[in-house]
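Novice: pasting the sequence and the predicted model now:
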Amino acid sequence: MSLTVKPPPPSSSVVDLSPRRMLLLLLLVLPPPNLMMTSSPFTVALWRRGNRFSANNICQYLEKPDGGLTVRCSGLRLTQVPVGLSNLTIRLFLDKNLLSFLPTDSFSDLLLLNELDLSHNQLSSLEAGCFRGLESSLRFLDLSSNWLSALDPAALGGLRAAANLTHNPWHCDCRMQLSMPQLDLDPSSLNEVVCQTSDLPNLGAVGMPLVLLVEDWDLCLSVRRTTDVVMLVTMFLWFSMVIFYLVCYIRQNQEDARRHVEYLKSLQSHQV
């Protein structure tokens, strides 16, 4: 009597790696798109429009009873100001991102914006007109904890807002002095807006609060002196050129007169 030996059942440690099984595993692991949290930083890449991000898909909106909106786009690792912000926005939080500069007309459509928080970014430059459109509405601007060293008056335009400028590597120069009257610094932070470098290093300006430096010294004095020197040098060169031209003109006329006299003498000698 013969015995038929059946093969052993497959071990549970053997995994079926067929294409159909792999597809099913992927469908189980990946969540459906409509269940993903729109406020998560990982969804930013899913909602890119060219090189800009859509605020409608990544930012959180909170509507006020008066109809205004508070828009919070904090901690999303944004490298640019998102597009599609509602023109009803009155408070905008863009803090804790990776913004490195603000281009012209970054907020020109937000005519009702009252508060703008740009703290804890990597801002190192503000282009002229970056706050255009906010001159009459903006009341508070937070630029703390960035990489700003200069504050150009052209960037502020006609902006009048209380500002927090603390924790930036400021270089105190004439441009900073001209920009200060346009901003009402937060009194609690005045001593923390410190000059890390200055056009007056030999006078102990480095490490001094900006407000005290502006009050005690005229940071534009060196600029005016330089301008005066340039004007004097320019005038000297201009007068030198005029004198040189006159000397050359007189010498040329004298040479022409001498040749004319010699010519007349030669004619008289021939006639004789």
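Specialist: Looks like it came in fine.
Novice: from now on I want contacts and neighbour counts done on CA atoms only, so please keep to that.
Specialist: OK.
Novice: may I ask you to name the longest helix in this structure?
Specialist: When every helix of the chain is counted residue by residue (DSSP state H), the longest turns out to be helix 221-271.
Novice: can you map out the strands along the chain?
Specialist: For the chain, strands defined by DSSP state E occupy the ranges 48-49, 52-53, 60-63, 69-72, 89-93, 101-102, 115-117, 125-126, 140-142, 161-164, 170-172, 183-185, 195-198.
Novice: what about residue 124, neighbour count?
Specialist: Using other CA atoms under 10 Å, residue 124 is surrounded by 17 other residues.
Novice: and it, what is it in contact with?
Specialist: 100, 101, 146, 147, 148, 149 (CA atoms under 8 Å, 6 or more residues apart in numbering).
Novice: cool, residue 192 as well?
Specialist: Applying CA under 8 Å, 6+ apart, the residues near residue 192 are 166, 167, 209.
Novice: now tabulate those residues in JSON lines and tack on neighbour count.
Specialist: Converted to JSON lines, the contacts of residue 192 look like this (neighbours: other CA atoms under 10 Å):
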{"residue": "166", "neighbour count": "22"}
{"residue": "167", "neighbour count": "18"}
{"residue": "209", "neighbour count": "18"}
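Novice: of all the residues you listed, which comes closest to residue 112?
Specialist: residue 166 (25.5 Å; CA to CA).
Novice: helix or strand with the lowest mean pLDDT in the chain?
Specialist: Lowest on mean pLDDT, DSSP states H and E among the helices and strands of the chain sits strand 48-49, with a mean of 40.
Novice: surely residue 105 meets residue 130?
Specialist: Yes. In this structure residue 105 lies within contact range of residue 130 using CA atoms under 8 Å: 4.9 Å.
Novice: more neighbours: which of the two?
Specialist: Higher neighbour count among residue 105 and residue 130: residue 130, with 20 against 15, using other CA under 10 Å.
Novice: what sits against that one?
Specialist: Per CA under 8 Å, 6+ apart, neighbours of residue 130: 102, 103, 104, 105, 106, 107, 155, 156.
Novice: report the contact partners of the closest residue in space to it that isn't next to it in sequence.
Specialist: Among residues not flanking residue 130 along the chain, residue 104 sits closest, at 4.0 Å (CA to CA, 6 or more residues apart in numbering). By CA under 8 Å, 6+ apart, the residues touching residue 104 are 127, 128, 129, 130, 131, 132.
Novice: if you rank these by neighbours, which is first?
Specialist: residue 131 (24 neighbours).
Novice: quick one: that one from residue 94, how far?
Specialist: 14 Å (CA to CA, to the nearest Å).
Novice: just residue 59 next, same as before
Specialist: Counting by CA to CA, the gap from residue 59 to residue 94 is 10 Å.
Novice: the more surrounded of these two?
Specialist: Applying other CA under 10 Å to residue 59 and residue 94 shows that residue 94 carries more neighbours, namely 27 against 22.
Novice: I'd say the more buried one and residue 70 touch.
Specialist: No. Checked against CA under 8 Å, the pair residue 94 and residue 70 is beyond contact range at 11.4 Å.
Novice: which of the contacts of residue 130 count as buried?
Specialist: 102, 103, 106, 107, 155, 156 (16 or more other CA atoms under 10 Å).
Novice: dump those residues to TSV, plus pLDDT and distance to residue 257.
Specialist: Shown next, in TSV, are the buried ones among the contacts of residue 130 (pLDDT from 0 to 100; distance: CA to CA, whole Å):
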residue	pLDDT	distance to residue 257
102	94	69
103	92	67
106	93	71
107	95	73
155	86	63
156	85	65
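Novice: sitting in helices, which of these do you find?
Specialist: Those of the buried ones among the contacts of residue 130 lying in helices (DSSP H): 155, 156.
Novice: before we move on, the earlier item: from the contacts of residue 192, which is closest to residue 85?
Specialist: Closest approach to residue 85 among those (CA to CA): residue 166, at 27.1 Å.
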